[in-house]
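> I need the structure of the sequence given here:
(chains A and B, ligands or ions: 1)
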Amino acid sequence: MTAANEIIRAAEAEVCRPWLRHILTQSDWAALAHASAAESWILLAHWADTIQAHALFLDPDALTVVPVSTPIESGLYPALSPVLPGAAWYERMIHDLWGHEAFGASDLRPWLDHDAWPQHHPLAMRPHPNTAAETPALVGIDQDGAMILPLGPIWGQIDEAAHLRLTLNGPAIRRAESLLGFTHKGTLSLMRGKSPRAAARFAARLSADATVAHSVAFAQATESAMDAQVPPRAAALRIVMLETERIAAHLDNLAEVGRLADAQAVRTRCGFLREILLRASEAAFGHRLMMDCVVPGGIAMDIAEGGSQVILRALGDIASQLSGIRRLHDSGALPAQLTGLGPAGRTLATSLSVGGVAGRASGRAFDVRTMFASDYSGLSPRIAIRTEGDAAARQHLRIFEIEESLRLVGAALKALPDGPITVALPQVSGEGIACVESIRGDVWHWLRLDHGQIAAAFPRDPGWALWPLAERVLENAAANDAALIRASFALPASGMDL
Amino acid sequence: MTWKPRLRPQPEPAAPLDPETTQSLCARLEAAAQTRLGRSLAIRHVNTGSCNGCELEMRALSNVLYDLERFGLRFVDSPRHADVLLVTGPLTRNLRTALEQAWDATPDPKWVVAVGDCAVDGGVFKGSYAVLGGTGLSVPVDLTIGGCPPPPSRILAGLRTLLEANTR
Ligand code: SF4
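Take a look at the predicted model:
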């Protein structure tokens, strides 16, 4: 037995479905951090509530998920970031929202809190009124007169709000630093005290292009906490929506990267096909992005009469164009631009827990659909891996995944079971965790219910892993390529700004 | 909605405009006693905290079916070159300054369009400690386009009434 497992076994556990949550002393928590780093455990998420800090680990050998917690003592808990660099941004977020300080942390500058809220630590038991000014300073205004290129928070393009500061050395980027939190909407505090049904509206608005993924993960975490089972028809239609969302988002990304790389044919084709799919989604589910279509306990509305045919026809249109789109990525000007652009290595991707297209393009075979999603088991989703890690590999994988999702939607619609689309949810207390493979990678939702109401919740968007990766990849890149690299990672903001 | 798949990408015919909205915008423009020549508007997008849904639909305006450029509408990178600020998202406290800076940098006369329920009045995020509310709490708004998110056709119709008002 490994050291990390020994620490877990010795600890007390609280009921959390489907994985028990282990309560560690602060010294065991710190010991687990070291052991996990030594044994290549992966930190999936890190958050807190008013009295404990929580971390979600993946044990890659046992293929199991391990939630752990440690009590906050005098406002402090041991930092994970010295051994697990991916924890740094979470620690800054925890400090901003709950006021708990990670002692020994590598970085405790403000993150979400830009000193504009009426209170500091808004989720703490007693928030502090905001009186003094502490402006977030970005690291390293370089002394030697290097040129700084600040991008955002409001970009010229139609995009999410985030600040990226590039320190240039001639045309090359020497250092890339991001500052997020601009779109912080107080989502966690809005969810607190609401019924899961009411709180689902906020889960659906964490990140709109992954609205179905976040909604399903939130709903499944609720259902786990209540030990409820959704009807088979609802589970199947959730898969239809999830995979439709993936196709739409990948098409959008292909179009956007095509636009930035001046590949007009790709932009036009993919933009057009995406629009066809969005209209089909509206006809079938009542909303172009399928926002609020998934609710805890099932789905909000059954697929419309004839909706399957509309979706299948759109899928047919996409399938007929896919080889042409692939050809445009195989030869000519576009692959010449994308090959070698923004390479991300497997070690880095693994250490930062980068999943999704970015992780799989760098050789990390991680897709929660094949690991933790029992609803998918009848469909046996295929996943593809590339090892180049560059933008070309990412776009190729997106095309592959569109093709695979076309198959999955078709198969799920063909075998659509009859029956109810919701199950009544009991007003109980409990704790649950769930994960979904979103368009950018694994989404994790944890929540605790108190008599049927949300007592605490945390959604982990893949952005938490993608941005630190993108920062590292941008260092050494050419400044001119920054926008294209950013697009090829599909960097989000709202989902991790909370 | 009726919809026929067409695999030859081409723009769809434009829908008629709402005369009432056009009238009221004209009245506002006259009150400002400023008119511009030409049928074109430069649009700058300002995100004040959106969930990215409104952006997705705005981006769809450039796809070949809506093709907003054929109406003389185009997106520009800088507020300095803009006639219209298209604002999305509930106004977060963290982005208030950025919106005001964009507004200050946009030359007069300018239009501000609040796109999406969030930009109209804060939407579902109303009442959060991190959110002020709609765009109008910080800069004057000329046109609101509701929806969560509003579909591209509705955003386009709103922008075209602006264009119409602008050239009358
Ligand atoms: S109106 Fe809806 S889609 Fe638009 S930003 Fe708000 S929540 Fe997102």
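> those helices in the stretch 1-150 of chain A, which residues are they?
For the stretch 1-150 of chain A, helices defined by DSSP state H, counting those that start in this stretch occupy the ranges A:3-10, A:26-38, A:88-98.
> Mind checking the pLDDT average for the first one?
Spelled out, that is helix A:3-10. Helix A:3-10 carries an average pLDDT of 85.
> what do you get for stretch A:284-299?
95.
> close to chain B, is that stretch?
Yes: counting by CB under 8 Å from any CB of the partner chain, chain B has neighbours in stretch A:284-299: A:288-289, A:291. C-beta coordinates here come from the backbone N, C-alpha and C atoms, glycine included.
> B:Arg93 and B:Ala130 touch, don't they?
Yes: the criterion here is CB atoms under 8 Å, and B:Arg93 meets it with B:Ala130 at 5.7 Å.
> Starting from chain B, give me the distance back to the residue of the stretch 351-498 of chain A found nearest the ligand.
Residue nearest to the ligand within the stretch 351-498 of chain A (CB to the nearest ligand atom): A:Ser494, separated by 8.1 Å. In this structure, A:Ser494 and chain B are 5 Å apart, going by CB to the nearest CB, to the nearest Å.
> could you list every residue that touches that residue?
A:Ser494 is in contact with A:160, A:183, A:185, A:205-208, B:49-52, counting by CB atoms under 8 Å, 6 or more residues apart in numbering or on different chains.
> Ok, A:Asp292 next?
A:Asp292 touches A:200-201, A:204, A:215, A:300, counting by CB under 8 Å, 6+ apart.
> same question, B:Gly133
Listed by CB under 8 Å, 6+ apart, the contact partners of B:Gly133 are B:90-91, B:121-122, B:126.
> cool, and A:Pro296?
Taking CB under 8 Å, 6+ apart, one finds A:196-197, A:200, A:218-219, A:222-223, A:425 in contact with A:Pro296.
> ok so, going back, okay, the helices of the stretch 1-150 of chain A in CSV with mean neighbour count and distance to the ligand next?
Formatted as CSV, these follow (neighbours: other CB atoms under 10 Å in any protein chain shown; distance: least, CB to the nearest ligand atom, whole Å):
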stretch, mean neighbour count, distance to the ligand
helix A:3-10, 16, 39
helix A:26-38, 19, 36
helix A:88-98, 24, 21
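> Take the ones you listed and lay them out in JSON lines including distance to A:Glu305.
What follows is those, written out as JSON lines (distance: least, CB to CB, whole Å):
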{"stretch": "helix A:3-10", "distance to A:Glu305": "51"}
{"stretch": "helix A:26-38", "distance to A:Glu305": "51"}
{"stretch": "helix A:88-98", "distance to A:Glu305": "45"}
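> Of these, which is nearest B:Val84?
In terms of CB to CB, the element of these nearest to B:Val84 is helix A:88-98, at 34.6 Å.
> Show me what the closest one is packed against.
Judged by 3 or more CB pairs under 8 Å, 6 or more residues apart in numbering or on different chains; DSSP states H and E, helix A:88-98 is in contact with strand A:42-48, strand A:101-103, helix A:463-474.
> Quick one: residues in contact with that helix.
When contacts are defined by CB under 8 Å, 6+ apart, helix A:88-98 is touched by residues A:45-50, A:53, A:79-81, A:100-102, A:105-113, A:120-124, A:181, A:188, A:464, A:467-468, A:498.
> Report the angle between it and strand A:42-48.
Here the directions of helix A:88-98 and strand A:42-48 differ by 10 degrees (axes from the mean of the first three to the mean of the last three CA atoms, to 10 degrees).
> ok, back up a step: now the contacts of A:Ser494 in a markdown table, with neighbour count and secondary structure?
Shown next, in a markdown table, are those (neighbours: other CB atoms under 10 Å in any protein chain shown; DSSP: H, G, I helix; E, B strand; the rest coil):
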| residue | neighbour count | secondary structure |
| --- | --- | --- |
| A:Glu160 | 29 | coil |
| A:Thr183 | 31 | coil |
| A:Lys185 | 30 | coil |
| A:Arg205 | 28 | coil |
| A:Leu206 | 28 | coil |
| A:Ser207 | 29 | coil |
| A:Ala208 | 25 | helix |
| B:Gly49 | 33 | coil |
| B:Ser50 | 32 | coil |
| B:Cys51 | 36 | coil |
| B:Asn52 | 28 | coil |
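> among those residues, which are in reach of the ligand?
A:205, A:208, B:50-51 (CB under 6 Å from any ligand atom).
> circling back to that earlier point, how about a markdown table for the helices and strands packed on helix A:88-98, with mean neighbour count, mean pLDDT and distance to the ligand added?
A markdown table is the format used below for the helices and strands packed on helix A:88-98 (neighbours: other CB atoms under 10 Å in any protein chain shown; pLDDT from 0 to 100; distance: least, CB to the nearest ligand atom, whole Å):
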| stretch | mean neighbour count | mean pLDDT | distance to the ligand |
| --- | --- | --- | --- |
| strand A:42-48 | 25 | 93 | 23 |
| strand A:101-103 | 19 | 92 | 32 |
| helix A:463-474 | 24 | 89 | 16 |
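> near the ligand, which residues of the stretch 151-300 of chain A show up?
A:205, A:208.
> Quick check: the residue of chain B nearest the ligand.
For chain B, CB to the nearest ligand atom, closest residue to the ligand: B:Gly53, 2.6 Å.
> about what we covered before: what is in contact with B:Arg93 and B:Ala130 at once?
Counting by CB under 8 Å, 6+ apart, the residues touching both B:Arg93 and B:Ala130 are A:Trp117.
> quick revisit: excluding residues flanking it in the chain, which one is nearest the residue of chain B closest to the ligand?
Nearest non-adjacent residue to B:Gly53, counting by CB to CB, 6 or more residues apart in numbering or on different chains: A:Ala208, 3.2 Å away.
> now the strands for chain B?
Applying DSSP state E to chain B gives strands spanning B:41-47, B:73-75, B:84-88, B:91-92, B:111-115, B:131-133, B:143-145.
> list the helices and strands the first one packs on?
So that's strand B:41-47. helix B:53-60, strand B:73-75, strand B:84-88, helix B:96-105, helix B:152-167.
> quick one on the thing from earlier: so which of the contacts of A:Pro296 is the closest to A:Asp481?
When these are compared against A:Asp481 (criterion: CB to CB), the nearest one is A:Phe218, at 35.9 Å.
> Just the element for that closest one, please.
A:Phe218 belongs to helix A:211-226 when assigned by DSSP states H and E.
> now the contacts of helix A:88-98: which count as buried?
Among the contacts of helix A:88-98, those buried by neighbour count (16 or more other CB atoms under 10 Å in any protein chain shown) are A:45-49, A:53, A:79-81, A:100-102, A:105-106, A:108, A:110-113, A:120-124, A:181, A:188, A:464, A:467-468, A:498.
> re earlier: could I get the pLDDT score of the residue of chain B closest to the ligand?
As predicted, B:Gly53 sits at a pLDDT of 93.
> That one - how many residues pack around it?
With neighbours defined by other CB atoms under 10 Å in any protein chain shown, the count for B:Gly53 comes to 27.
> coming back round to it: quick check, nearest of the contacts of A:Ser494 to A:Glu12?
Proximity of these to A:Glu12 was ranked by CB to CB; the top entry is A:Leu206 with 31.9 Å.
> Can you find the helix or strand of chain B with the lowest average pLDDT?
Sorting the helices and strands of chain B by mean pLDDT, DSSP states H and E puts helix B:19-31 at the bottom, at a mean of 65.
> What are the boundaries of the strands in the stretch 51-200 of chain A?
Using DSSP state E, counting those that start in this stretch, the strands of the stretch 51-200 of chain A run over residues A:52-59, A:64-71, A:76-78, A:101-103, A:119-120, A:128-129, A:147-151, A:163-169, A:172-179.
> A:Val443: which of the ones you listed is closest?
For these, proximity to A:Val443 was assessed by CB to CB; strand A:52-59 is nearest, at 12.1 Å.
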